[in-house]
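Peer 1: the sequence and its predicted three-dimensional model are supplied below.
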Amino acid sequence: MSTSASRVSRAAEARVSRRSRRRLPAAWRSPLAVIGLVIAAVWFLAAILAPWIAPYDPLAQSLPRLTPPGEASIMGTDALGRDVFSRLLHGARVTIPLAGMLVACAMVLGTVIGAVAGYVGGWVDEVLGRLTDLFMAFPTVILAMVIAASLGPSLYNAVLAGIVVTWPMYARVTRSLVLSLRSQNYVIASRLLGYSPWRSLGTDILPNMLGPVLVLASLEVGTAILLLTGLSFLGLGAQPPTAEWGSMISGAMQNIDSWWLGVFPGLAILTVVMAFNFIGDSLRDVLDPLSSAERQGAGAAAPPASAQDEGADPVSALTSEISEQEAPR
Amino acid sequence: MNELLKVEDLVVRYGGMTAVDGMSMSIRAGEVLALVGESGCGKSSTARAVVGMERPAEGTVLFRGTAVPPLGLRRRRTEFTAIQMVFQDPNSSLNPRKRVGEQIADGVRAAQARGLNSARPDSWLEAVGLQPEMTTRYPHQFSGGQRQRIAIARALAAKPDLIVADEPISALDASSQASVAAMMRRLCLEAGAGMLFISHDLSVVRLMADRVMVMYRGSVVESGPTPLVWSEPVHPYTEALLGAIPHPDGRGVLPAAPAAEAPEEWASTLPEALSRQVETR
Amino acid sequence: MTTMLTLENLTVELGPKDARRQVVRGVSLNLQAGRIQGLAGESGSGKTVTAMAVLGLLPASARVTGSARLGEVDLTSLRPRELNRIRGRRVAMVFQDPSASLHPQITIGAQLTDHLRHHLGLKRKAAQRQAMELLARVKVPHPQEALSRFPHQFSGGQRQRIAIAIALACDPEVLLADEPTTALDVTVQAGILHLLRELVDERDLAVLLVTHDLGVMSAVADDVAVMRDGRVVESGTRAQMFTDPQHPYTRQLLEAMPDAQESEVL
């Protein structure tokens, strides 16, 4: 009795796991995606739990100075006697949310500008296009430095500078996506049904271009972290005594012999940036309409509708993978 | 005469290229007019100008006596939602991220905005031969032919007076082409609407159009009642077009091929080929 | 009648390992010299995949069983390099979109002569002469000037003629034509069908003509096989298939043709 019950439940489990595995597109099962997700998750947890898991106050200058990694502090202490590990954990609280904010703001700003330019067209497109080009004509980092320096060194100004230099990318991508979607028949169909242009932009165009923009944004998180830590390293972002990775490395420059001062924040930046790049790449594989993985995933998720006369053909997806030749013009 | 659409001396240009070179036509309620011709003859550009997707370079497109405004940055005036279109490519006709029921409901709302009653989305699905409970599905869960039926349902749900159908069946499997065409004609006439049916396929047009206009290089070369044009073509291009259709009769007869690609006589104007009438004896 | 290509129990499975699907299920056909074997069916019936499998043009993940014998060789068992030697020389293919077999940035002349020199080892002069003869044969107007033009300078119909010229350059035994006229206007299609028929008669070609268009089938095919869901449901001579179809699916296909319908208008 009990054995048969357990067998049933095991079978059910197997079924569930098989189903969930099938739902999960292949891209999310790739090792890089898993590594990226795991690292990002670890850093998120570290950022959230920093006050509880950090052994010391990140600002307290209470330890012996410049002690190498050891039992008392696993990543050593800096020139002011602060615990590097604690500062690293608290640094995650600074950099990751700010990078996220930077990307979110730049994405919203760029998407709106690009969408308006692409949808309205004409002189509006011309003006916004020139504006975008103007910003893209400068080297990103140098422009960010100039802006951050002229606004005055602070983390928030660094984020602002980051937004100013990165929005044009989203504007460009969005504009070209809107241009191609604008002529889609369903957009025209809803306009013929009396949709206002803005409503059709909101319901027909934006939802259908969100995927590529989100991929871009997720790839940009890494770049944003690099930009923020870079500006902080140059003294244009986080100000002492804030625990921030870039300024930690900057501080390490004065004590170049104490390797642990630079290596650990450097590794922190490296792993986070890498993780977000892996995630962005996998996201692209999942959302890219051309990737066969997604098409097969979609095919598995959606059993073909019961055939009426022409019959939803299960093989058409596969044959079209090979060629688009079958369908008459 | 209940004239829905009147097109006069329409010219459509793309850059320096003239796609439609002075064509005129009119459609009455309860009538299916077919525009036939081969690729690049201007039939699709005409259709796009009729619904306002293209701005005419010259000439006028009047719907119930009022010029059809181009689809610009303004919301289309309610009265013009009585013009609906069915497109060739069923894959891009429906918003992939919206349930089909909601998309048909958009049509219903357009009808209500003009003070008309329209059936619920599920009965429209039934009207085009699909199951009413499919309203909650997304477009990718349907085959190409089914998607085209849904697009037709959405257009009809708006209770249009004029349906413009741009090659609506040519992307479908051969076995469903004739049935979808017949369905379109039936539903259109039941609703008392007029239809402008664009096609390159004369054998389908024969099934469903009351009148046919044959276009070649931007101009109408022959027009008249479909049976008459089908059985007794006058213009050499119409003859060539009809002669080139291979018939599935199993006799192994090669269709007549024109001696050269695009002979000059095809572009000639024959007054007797235009606006032909059945002679009453 | 000589049999040129024999498909026996050809089966193709496509898709990733955990979701394999049989797309072609045991297709057997004989292609005879000088005859056009039509393969009809709707989209998704497996007719294109059948042709692709013969040429080894399926993705690497595809599993092909059964055989496709060209004379003494089984094409399905060849390694890619051996297949490459046969493809283009003994078995050629024409696609729906002629652009698929034409390089957009190389002149027609260069493409044809390269092909001839590579496969037949002709000298430059001889290759050029033969290229011109080929273009003349497929009735491309002004073949001499055409040699120095690029594909985009031709109409769709002429591009398809050029693609046919390239396919026939090495005098293949078997030609696989996948919807060769589907993208063309009817008046242009008629010309291509005439050309195809002439070439088959004069060169004793064996042709597999894949098309969904039963009108085209009736015009040029000598034998017809109807596919559905990866299986051949009926096959026979053209006259049999069109005048006395046995399988209900074939009948259904024929009845759905606009030609078979009474006009609602009349």
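Peer 2: Thanks, I have it. Numbers count the residues shown, from 1 in each chain, chains lettered A, B, ... in the order given.
Peer 1: mind listing what residue C:30 touches?
Peer 2: Residues in contact with residue C:30 (CB atoms under 8 Å, 6 or more residues apart in numbering or on different chains) are C:3, C:5, C:6, C:7, C:37. (Glycine included, C-beta is placed from N, CA and C.)
Peer 1: tell me what whichever strand or helix holds the last one is packed against?
Peer 2: Residue C:37 is part of strand C:36-40, with elements assigned from DSSP states H and E. Using 3 or more CB pairs under 8 Å, 6 or more residues apart in numbering or on different chains; DSSP states H and E as the contact test, the elements touching strand C:36-40 are strand C:21-32, helix C:47-55, helix C:186-203, strand C:206-211, helix C:214-220, strand C:223-228.
Peer 1: mind doing that once more with 7 Å?
Peer 2: Applying 3 or more CB pairs under 7 Å, 6 or more residues apart in numbering or on different chains; DSSP states H and E, one finds that strand C:36-40 makes contact with strand C:206-211, helix C:214-220, strand C:223-228.
Peer 1: ok so, going back, got CSV for the contacts of residue C:30, with neighbour count, secondary structure and pLDDT too?
Peer 2: Formatted as CSV, those follow (neighbours: other CB atoms under 10 Å in any protein chain shown; DSSP: H, G, I helix; E, B strand; the rest coil; pLDDT from 0 to 100):
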residue, neighbour count, secondary structure, pLDDT
C:3, 13, strand, 90
C:5, 24, strand, 94
C:6, 16, strand, 94
C:7, 25, strand, 94
C:37, 22, strand, 96
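Peer 1: for these, which one is nearest chain B?
Peer 2: Closest approach to chain B among the contacts of residue C:30 (CB to the nearest CB): residue C:37, at 13.7 Å.
Peer 1: was I right to think residue A:260 contacts residue A:75?
Peer 2: Yes: counting by CB atoms under 7 Å, residue A:75 is a contact partner of residue A:260 at 5.7 Å.
Peer 1: name the residues contacting each of the two.
Peer 2: Common contact partners of residue A:260 and residue A:75 (CB atoms under 7 Å, 6 or more residues apart in numbering or on different chains): A:69, A:84.
Peer 1: center of the chain - which residue?
Peer 2: Using chain A here. Nearest to the geometric centre of chain A sits residue A:218, at 1.7 Å (CA atoms, centre = their mean).
Peer 1: please go with chain C instead
Peer 2: The centroid of chain C falls nearest to residue C:177 when counting by CA atoms, centre = their mean (1.1 Å).
Peer 1: my guess is that residue contacts residue C:207. True?
Peer 2: Yes: under the criterion of CB under 7 Å, residue C:177 makes contact with residue C:207 at 6.1 Å.
Peer 1: where are the low-confidence patches of the stretch 1-150 of chain B?
Peer 2: Across the stretch 1-150 of chain B, the ranges flagged by pLDDT under 70 are B:1.
Peer 1: same question, the stretch 101-250 of chain A
Peer 2: By pLDDT under 70, the stretch 101-250 of chain A has no low-scoring segment.
Peer 1: can you show me the helices along it?
Peer 2: For the stretch 101-250 of chain A, the helices defined by DSSP state H, counting those that start in this stretch cover A:122-137, A:140-151, A:155-182, A:185-192, A:197-200, A:206-233, A:245-252.
Peer 1: dump these to a markdown table, plus distance to residue A:282.
Peer 2: Conversion of these to a markdown table gives the following (distance: least, CB to CB, whole Å):
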| stretch | distance to residue A:282 |
| --- | --- |
| helix A:122-137 | 27 |
| helix A:140-151 | 25 |
| helix A:155-182 | 19 |
| helix A:185-192 | 29 |
| helix A:197-200 | 32 |
| helix A:206-233 | 9 |
| helix A:245-252 | 25 |
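Peer 1: and residue A:66, that's in a helix?
Peer 2: No: counting by DSSP: H, G, I helix; E, B strand; the rest coil, residue A:66 is not part of a helix but coil.
Peer 1: isn't it right up against residue A:77?
Peer 2: Yes: between residue A:66 and residue A:77 there is a contact at 6.4 Å, judged by CB under 7 Å.
Peer 1: have a look at those two and say which one is more surrounded.
Peer 2: residue A:77 (28 against 16; other CB atoms under 10 Å in any protein chain shown).
Peer 1: tell me the contacts of that one?
Peer 2: Going by CB under 7 Å, 6+ apart, residue A:77 touches A:63, A:64, A:65, A:66, A:67, A:83, A:84.
Peer 1: so what pLDDT did it get?
Peer 2: You'll see residue A:77 listed with a pLDDT of 89.
Peer 1: so what sits opposite it in the bridge?
Peer 2: Going by DSSP bridges, residue A:77 is paired in beta bridges with residue A:83.
Peer 1: ditto for residue C:174
Peer 2: Going by DSSP bridges, residue C:174 is paired in beta bridges with residue C:91, residue C:206.
Peer 1: next one: the one 4 residues further on
Peer 2: Residues in a beta bridge with residue C:178, per DSSP bridges, are residue C:210.
Peer 1: burial check on it, number of neighbours?
Peer 2: Counted with other CB under 10 Å, the neighbours of residue C:178 add up to 25.
Peer 1: can you check the one 3 residues further on too?
Peer 2: By the measure other CB under 10 Å, the count of residues near residue C:181 is 26.
Peer 1: surely it meets residue C:189?
Peer 2: Yes: using CB under 7 Å, residue C:181 is in contact with residue C:189, at 4.0 Å.
Peer 1: now stretch C:25-34: how far from the chain's centre is it?
Peer 2: 13 Å (CA atoms, centre = their mean, to the nearest Å).
Peer 1: give me phi/psi at the most centrally placed residue in chain B?
Peer 2: Centroid-nearest residue in chain B: residue B:197, 2.3 Å away (criterion: CA atoms, centre = their mean). Phi and psi for residue B:197, reported as degrees, to the nearest 10, are phi -110, psi 120.
Peer 1: excluding its backbone neighbours, what's nearest it?
Peer 2: Excluding its sequence neighbours, the residue lying closest to residue B:197 (CB to CB, 6 or more residues apart in numbering or on different chains) is residue B:34, at 4.6 Å.
Peer 1: thought residue B:199 was touching the one you found, still the case?
Peer 2: Yes: the criterion here is CB under 7 Å, and residue B:34 meets it with residue B:199 at 6.1 Å.
Peer 1: who has more neighbours, these two?
Peer 2: Legend: neighbour count by other CB under 10 Å for residue B:34 and residue B:199, higher for residue B:34 (28 against 25).
Peer 1: if we can go back for a sec, could I have the buried ones of the contacts of residue A:77 as PyMOL selection syntax?
Peer 2: Buried residues among the contacts of residue A:77 (16 or more other CB atoms under 10 Å in any protein chain shown), as a PyMOL selection:
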select buried, chain A and resi 63+66+67+83+84
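Peer 1: contacts only, for the residue nearest to the centre of chain A.
Peer 2: Residue A:218 makes contacts with A:276, A:279, A:280, A:283, as judged by CB under 7 Å, 6+ apart.
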